[in-house]
Each structure stands twice: as C-alpha cells, then as structure tokens.
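Visitor: sharing a model prediction with you, sequence too.
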Amino acid sequence: MTITNENCVVGIEYEVKEAGKTDIVDSNKGSGEPLEFIMGKGQIIPGLENALCGMKADESGDIMVPATEAYGEYNNEAIQTLPKEQFEGVELKEGLTLYGQSEDGQTTQVTVLSFSDEDVTIDFNHPLAGKDLMFSVKVLSVKEATADEIESGIVGGTAEQGGSCGTGCGCH
C-alpha cells in the first residue's frame, strides 16, 4: 500500500539531524518501537508528512525538511523576561528546559536563556525552530486507518478515546 495524504496509519523508523551537522537530534532506530501516526491529522511536522506521501512499506529515504515546514522560523518575539519569583522552587540554570501550560491548556516548553536575582529570560521557541532538518526514514508499515482511528485520531484508538471529555481539561 502506498502512503496517501490522509487516513493512512504509518509506522516509521527515523533518525534526524540538523541539516549539515553530524549530531543526531532524535531517533527511534534500534528501539523496536516505530513512530506511528495517522496521515492528515497533523501528528508530525508538515514537511516530513508531505514527503512521505507516495512511499511504501520497506521503502527508505533521506528527506530534507526546511525550517518553515518543521518547527518554523526562529521568532525573537518569543523571548520573554519574567520576575524570578515566578520560578520559585526551580533550580535555575542556563539552557534548562521547563514545561508549563499555555493559556489554551496545551503543554508548552521553554528554555531558560539567562537569569539574575530579579528576572528570568525564557525562550518559547521550539529548540529546533529556525533549523533545517535531515531525516533518514524507513517506512515500516502502512495500512488504512479504521473508522475509530480516523475519528479518535489515535492509532489503535476508539472513538471513545478521542475528542474532548467535555470538561475543557485538554485530555484529547
């Protein structure tokens, strides 16, 4: 089966590097656990999802994804300086990654850029924002998504698992 742009369940093995660099940024090679997702649901970065269209199981390839189709361009306006008391109980250090909740209830990741006795400067950009990425990918599996998977957005999921629980808790 060939990967189409929606409603296929795809399993891949991948390794990703910043374009032109040798250090591996992320990988699931050798883990025995494929990255599984449903095409067309926005579960992986758009540039990789688009490049996978037309590939088949057991097919491999190197895929260059520009920053604009990965984690976006670096945004200088995503840097904020906040009062240090908002970080009470946190052992601060430059480069520290912290997780919090955005106004819409989503988990958000920030990086501590610097701090003083009064302030902490944090960066809301994704660590890979502004970077072109090179993926080495092997398609391990491709199958048609079930009606429950399409509705829930979860590989192997049921309709009851998807959507919202109705409380605004962000559990979906």
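Guide: Structure's in. What do you need? Remember, it's a predicted structure, so these values are computed and weren't measured experimentally. Numbering: from 1, shown residues only.

Visitor: against Ile24, how distant is Asp148?
Guide: Separation of Asp148 from Ile24 (CB to CB, to the nearest Å): 35 Å. Backbone N, C-alpha and C define where each C-beta goes, glycine included.

Visitor: same drill for these two, tell me which one is more crowded.
Guide: Asp148 (15 against 12; other CB atoms under 10 Å).

Visitor: just to be sure, that one is in a helix?
Guide: Yes. Assessed with DSSP: H, G, I helix; E, B strand; the rest coil, Asp148 lies in a helix.

Visitor: test my guess that it contacts Val155.
Guide: No. Using CB atoms under 8 Å, Asp148 is not in contact with Val155, being 10.3 Å away.

Visitor: farthest residue from the center of this protein?
Guide: For the chain, the largest distance from the centre (CA atoms, centre = their mean) belongs to Asp117, which lies 33.6 Å off.

Visitor: phi first, then psi, for the nearest residue to that residue once chain neighbours are set aside.
Guide: Among residues not flanking Asp117 along the chain, Lys84 sits closest, at 6.9 Å (CB to CB, 6 or more residues apart in numbering). Phi and psi for Lys84, reported as degrees, to the nearest 10, are phi -60, psi -30.

Visitor: helix, strand, or coil at the residue nearest in space to the middle of the chain?
Guide: By CA atoms, centre = their mean, the chain has its centre lying nearest to Ile44, at 5.9 Å. Look at Ile44: counting by three-state DSSP, its state is coil.
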